[in-house]
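>>> Model the following, please.
(one chain, ligands or ions: 2)
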Amino acid sequence: MHEKKTSMKSLVYGLLAAALLSACQNGATHPNIIIIYMDDLGYGDVGAYGATELQTPNMDFLAQGGVRFTNGYATSATCSPSRFGLLTGIYPWRNEDARILPGTAPLLIDTALTTLPKMLKQAGYQTAVVGKWHLGLGNGQVNWNETIAPGPNEVGFDYSFIMAATQDRVPTVYIENGRTVGLDPADPISVSYEKNFDGEPTGLDNPELLTMKWHHGHNNSIVNGIPRIGFMKGGEAARWKDEDMADTFLAKAREYILQTKDRPFFLYYALQQPHVPRTPHPRFAGATGLGPRGDVIVEADWCIGELIKTLKEQEILENTLIIFTSDNGPVVNDGYLDQAVELLGDHKPAGPLRGGKYSLYEAGTRVPFVTYWKGTIEPRVSPALVCQLDLLASLAKLVGVNADKRDSEDLLDVFLGKHDQGRTSLILEAGKRTALRYGDWALIPPYTGPAIQKDVNIELGNAPEYQLFNLKDDPGQQENLAQAQPDTLQRLIQEYTKLRGNELQREAEPLILQ
Ligand code: NG6
Ligand code: CA
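Ligands and ions are numbered 1, 2, ... in the order given. From the prediction side, this is the model:
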């Protein structure tokens, strides 16, 4: 039996070696790959992208030493759809369920689909996700006290250390390879997004217990003095400490690198900042004068610096491709009274762009986007149109795997800074509404619905008429050229319909879910 196992093992290794060899013969290389994925970091939140009111030396180090894309996009203006696009190479509007998910949502990615980590495993990579997941877990009835599956480990990650949804959603526990970390079986966890558990305090009824006040939504269960979305009971010992979250994720990411540094590895490091609730570690509280939103950006920047330091110390920086980007654009007030609005001062989270998170205007999806690979990528600022969707096909090319491309375009040479011919067109999404980016143009079809999202105070892009902007001359989308340029308008409508089909939703859905 033992012998049989060993020979099976050597057969597998032999096949793997053969696959790697043939991949190498195709010109493929196998650097380590790290995606540093921020949550709600805006185009203007990074020094290298023009921020002057806070300092991000480590993000800038990557941006200035690599390709800094000025037209780099997330697939969507909210989190779950963007992450779905990043990992599958499929436009999230093709999947009806790809919306902001509650903490109890089932896994959004079909386990039969090719994903970024699965594709890389085909090329011999070890794969891991550390940080925010927010792509659903289980099949609809998760028992948080047992093994939680399917999840990241079933869609291609060999190792996972995650929070299930968002920092503001229950359950507020870490999950490592499908098991809740630090759970005391005598104090099981129950979670509901429908109703509270008897006798449990809530943000709505017990304001006296709060250390952070809610502004809209976020008034269900209270954990660490912070009111959350959703109800949770039990699991006291397993509950995370919000202020330690950055350090915890960083430690897990570093541990993974140290353990796996001799193999090609793929690490999807999904930081939680600067999403709400913004809870900087005391080391960073007050660091920027911009309030917790600025402070957690600086905290994240420090984490990125520590990660880079680890790669340097292990002498693998030159053998590691780092991709730094964000899941959607910025929001200042996303539901808590944390002084982000009052202390914003001259800081412009969206930079020169219009809108923000939830918006079909540029700031919803155009995000900081950097590729860094010491010694291989020459520093450059690239205006090429690229999207996170394209990482699947491009990285498949890099490592020599034939992957089903779906909506993903092979832009490997653009990501490596060899030229600037990116996409010609891209469909942008915000809450199931879509728009078109085509060359220098942006086309937003008519949508009913509010022009400005209440509470978060962001222009959504809804208007009764077509909006057409020339982003080269007018990056802030101030002048609607739909009437002045009827030919261009018609050409773009045609292009949009070709990509998107005719059955378009014209009514904007309310975006803020509870
Ligand atoms: C919204 C939340 C918001 C944030 C967002 C998801 C309310 C009122 N607002 O529903 O605070 O959690 O969902 O953000 O509940 S994302 O970046 O994960 O998409
Ligand atoms: Ca987000």
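>>> Helix, strand or coil: sort out Leu322 for me.
Actually, residue 322 is Ile. It isn't Leu. Of the three states, Ile322 takes strand according to DSSP: H, G, I helix; E, B strand; the rest coil.
>>> Now for it: which residues touch it?
34, 36, 62, 66, 308, 370-373 (C-beta atoms under 8 Å, 6 or more residues apart in numbering). No exception for glycine: its C-beta is placed from N, CA and C like everyone else's.
>>> For Ile316, see how far away it is.
11 Å (C-beta to C-beta, to the nearest Å).
>>> Ala28 now?
Relative to Ile316, and taking C-beta to C-beta, Ala28 is found at 18 Å.
>>> now Gly461
42 Å.
>>> neighbour-wise, which of the two wins?
Taking other C-beta atoms under 10 Å, Gly461 and Ile316 do not tie; Gly461 has more neighbours (27 against 17).
>>> Give me the spatial nearest neighbour of that one, chain neighbours excluded.
Leu360 (3.1 Å; C-beta to C-beta, 6 or more residues apart in numbering).
>>> Same check on Ser192?
Nearest residue to Ser192, sequence neighbours excluded (C-beta to C-beta, 6+ apart): Phe231, at 4.8 Å.
>>> Go ahead and confirm that neighbour touches Glu200.
Yes. With contact defined as C-beta atoms under 8 Å, Phe231 counts as touching Glu200 (6.8 Å).
>>> Hmm, the residue nearest to Gly461 is touching Ala430, no?
Yes. Using C-beta under 8 Å, Leu360 is in contact with Ala430, at 4.6 Å.
>>> Pro379: neighbouring residues, count only.
12.
>>> Hmm, Gln467 is touching Tyr447, no?
No. Between Gln467 and Tyr447 no contact is recorded; they are 9.8 Å apart, counting by C-beta under 8 Å.
>>> With neighbour numbers in mind, choose between those two.
Tyr447 (25 against 22).
>>> can you give me the helices in this protein?
2-25, 57-65, 79-88, 116-122, 245-260, 292-313, 391-399, 412-415, 486-500 (DSSP state H).
>>> Quick check: closest non-adjacent residue to Lys397.
Looking at Lys397 with C-beta to C-beta, 6+ apart, the closest residue is Leu412, at 4.4 Å.
>>> Return the residues of the protein in contact with ligand 2.
By C-beta under 5 Å from the ion, the residues of the chain that approach ligand 2 are 39-40, 79, 327-328.
>>> Switch those residues over to TSV; also include neighbour count.
Converted to TSV, those look like this (neighbours: other C-beta atoms under 10 Å):
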residue	neighbour count
Asp39	24
Asp40	28
Cys79	26
Asp327	30
Asn328	31
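>>> Looking at the residues you listed, which is nearest Asn224?
Of all the residues of the chain next to ligand 2, Asn224 sits closest to Asp39, with 18.7 Å by C-beta to C-beta.
>>> The closest one touches Gly329, doesn't it?
No. Counting by C-beta under 8 Å, Asp39 stays clear of Gly329, with 11.1 Å between them.
>>> Any stretches of this structure with poor pLDDT?
For the chain, applying pLDDT under 70 flags the ranges 1-26, 502-514.
>>> can we see that at 80?
Along the chain, the parts satisfying pLDDT under 80 run over 1-27, 502-514.
>>> Distance-wise, check the spatially closest residue to Phe161 that is not a sequence neighbour relative to ligand 1.
In space, and not counting its chain neighbours, Phe161 is closest to Lys252: 4.4 Å by C-beta to C-beta, 6+ apart. Note on Lys252: its distance to ligand 1, by C-beta to the nearest ligand atom, to the nearest Å, is 20 Å.
>>> and the residue lying closest to Ser160 once chain neighbours are set aside, how many neighbours?
Nearest residue to Ser160, sequence neighbours excluded (C-beta to C-beta, 6+ apart): Pro152, at 3.9 Å. Pro152 has 30 neighbouring residues, counting by other C-beta under 10 Å.
>>> cool, the one 10 residues further on as well?
With neighbours defined by other C-beta under 10 Å, the count for Ile162 comes to 27.
>>> Could you report the neighbour count for the closest residue to it other than its chain neighbours?
Excluding the flanking residues, the one nearest Ile162 by C-beta to C-beta, 6+ apart is Trp133, at 4.1 Å. Per other C-beta under 10 Å, the neighbour tally for Trp133 reads 26.
>>> domains in this structure, as residue ranges please.
Using automatic domain parsing, the domain parsing of the chain gives 31-189+234-423, 426-511.
>>> Looking at the ones you listed, which one is packed in the most?
domain 31-189+234-423 (a mean of 22; mean count of other C-beta atoms under 10 Å).
>>> What are the neighbouring residues in contact with Gly42?
326, 329-330, 349-351, 356, 363, 367-368 are the contacts of Gly42 under C-beta under 8 Å, 6+ apart.
>>> quick one: which of those is nearest Leu54?
Pro349 (10.1 Å).
>>> Double-check that closest one against Gly356; I have them as touching.
Yes. Pro349 is in contact with Gly356 according to C-beta under 8 Å; the separation is 7.1 Å.
>>> rewinding a little: give the contact list for the residue nearest to Ser160.
129, 133, 135, 160, 162.
>>> Go through these and say which is closest to Arg99.
Closest to Arg99, out of all of the contacts of Pro152 and judged by C-beta to C-beta, is Leu135, at 11.5 Å.
>>> Nearest residue to that closest one in space, please, no chain neighbours.
Here the residue nearest Leu135, using C-beta to C-beta, 6+ apart, is Leu108, at 4.8 Å.
>>> And the residue of the stretch 51-200 of the chain closest to ligand 2?
Closest contact between the stretch 51-200 of the chain and ligand 2, by C-beta to the ion, is at Cys79 (3.6 Å).
>>> what about the closest residue to Leu344 other than its chain neighbours, distance to ligand 1?
Distances taken as C-beta to C-beta, 6+ apart place Val332 nearest to Leu344, at 6.1 Å, with adjacent residues excluded. In this structure, Val332 and ligand 1 are 12 Å apart, going by C-beta to the nearest ligand atom.
>>> ok, now Met119?
According to C-beta to the nearest ligand atom, Met119 and ligand 1 sit 25 Å apart.
>>> give me every residue that touches the residue nearest to that residue when sequence neighbours are not counted.
Once flanking residues are discounted, Met119 sits nearest to Ala403: 4.8 Å by C-beta to C-beta, 6+ apart. Neighbouring residues of Ala403 by C-beta under 8 Å, 6+ apart: 89, 114, 119, 122, 392-393, 396.
>>> same deal with Leu411?
With C-beta under 8 Å, 6+ apart, Leu411 has these contacts: 384, 386, 390, 393-394, 422-423.
>>> Burial check on the one residue in the chain that gets nearest to ligand 1, number of neighbours?
Nearest residue of the chain to ligand 1, counting by C-beta to the nearest ligand atom: Gly217, 2.5 Å away. Neighbour count of Gly217, defined by other C-beta under 10 Å: 19.
>>> Could you verify my assumption that it touches Arg228?
No. Taking contacts as C-beta under 8 Å, Gly217 lies outside contact range of Arg228: 9.6 Å.
>>> can you list residues touching both of Leu360 and Ala430?
With C-beta under 8 Å, 6+ apart as the test, Leu360 and Ala430 both reach 77, 460-461.
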